[in-house]
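[1] build the 3D model from these lines:
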Amino acid sequence: MSKNMKINLVLACVATVLSWATCKNLQKTAETPATPAPAAQTEPAMNKADMYPMRVAHVLGSNDDAAGTVQVTTPPNPVTVPMDRLPTASTSRKAYLSSGWWHLDMAFSPSDTMVHVNYKPKWLKFREDQTFDILINNAVVESGKWNWDEATNQIYIACKDPYLNNTWKVNDRGFLMIWLGNTDINVTGIQIRVVGTKTPPTAEN
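    So this is what the prediction gives:
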């Protein structure tokens, strides 16, 4: 056998062995199941309570008088009543207010159903010098100053009583006034019915 034939025979054997090894590897690869890809992670669903922690119908507090509402029983925030920005009240206004006694007959507040207890015991006695007294059981418990803005029909009350110290929009019909807590200074929303009478209050009212 010639030398070239021997080399060709060896190369053929090597090629056969390599071919056989490659086939076996391909067979193993085909038989081995592919490793499954990890499942895509999804974000946890957001709870609506987490999205809206205060709820649309959130109730901050309640009581027997107004279920589902907040009762504000503190006095109105103190304000400085600008008495000096008005001229002196007219002679007719002075005569109108000083002609009798004025009873704070009833009061209403959208945020305090019991606000009237801070008004009903009180009477007002206005004087023409633009001072006034607050009376309870016919005894003076506080004094202050008053003025009237004719342009806006507002009464200005300056005293230490936080429930009265303010400016009030007035709807007046004779000796009946409705004071409204709805001015550029007064934002309480309180409404007071003020009834005038020629009869002085007694110790019982």
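
[2] any stretches of this protein with poor pLDDT?
    Within the chain, the set of residues satisfying pLDDT under 70 comprises 1-72.

[3] quick one: the helices in it?
    3-31, 48-51, 91-98 (DSSP state H).

[4] tell me the strands beside the longest strand belonging to the chain, with direction?
    Identified as the longest strand of the chain according to DSSP state E is strand 139-149. Strand 139-149 has its sheet partners listed here by DSSP bridges as strand 131-136 (antiparallel), strand 154-158 (antiparallel).

[5] for these, state which one has the densest average packing.
    With neighbours defined as mean count of other C-beta atoms under 10 Å, the strands paired with strand 139-149 peak in mean count at strand 154-158, which reaches a mean of 22. Placement of C-beta: from N, CA and C, glycine included.

[6] follow-up on the earlier one: now render the strands paired with strand 139-149 as CSV, adding distance to T80.
    Shown next, in CSV, are the strands paired with strand 139-149 (distance: least, C-beta to C-beta, whole Å):
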stretch, distance to T80
strand 131-136, 18
strand 154-158, 9
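
[7] which stretch among those comes nearest N118?
    Closest approach to N118 among the strands paired with strand 139-149 (C-beta to C-beta): strand 131-136, 11.1 Å.

[8] could you tell me the angle between that closest one and helix 91-98?
    Computed by axes from the mean of the first three to the mean of the last three C-alpha atoms, to 10 degrees, the angle separating strand 131-136 from helix 91-98 equals 20 degrees.

[9] what lies in contact with strand 131-136?
    If you take C-beta atoms under 8 Å, 6 or more residues apart in numbering as the criterion, strand 131-136 is touched by 101, 121-126, 140-146, 157, 159, 161, 164, 201.

[10] please apply the same query to stretch 168-182.
    Outside stretch 168-182, the residues that touch it by C-beta under 8 Å, 6+ apart are 76, 100, 102, 152-155, 157, 166, 183, 186-197.

[11] number of residues surrounding D184?
    By other C-beta atoms under 10 Å, 9 other residues sit near D184.

[12] state the distance from it to K198.
    Using C-beta to C-beta, to the nearest Å, D184 is found at 34 Å from K198.

[13] again, but for N153
    According to C-beta to C-beta, N153 stands 23 Å off from K198.

[14] what sits against N205?
    Counted by C-beta under 8 Å, 6+ apart, N205 has contacts 103, 137.

[15] what does Y119 give?
    By C-beta under 8 Å, 6+ apart, the contact set of Y119 is 104, 106-107, 163, 192.
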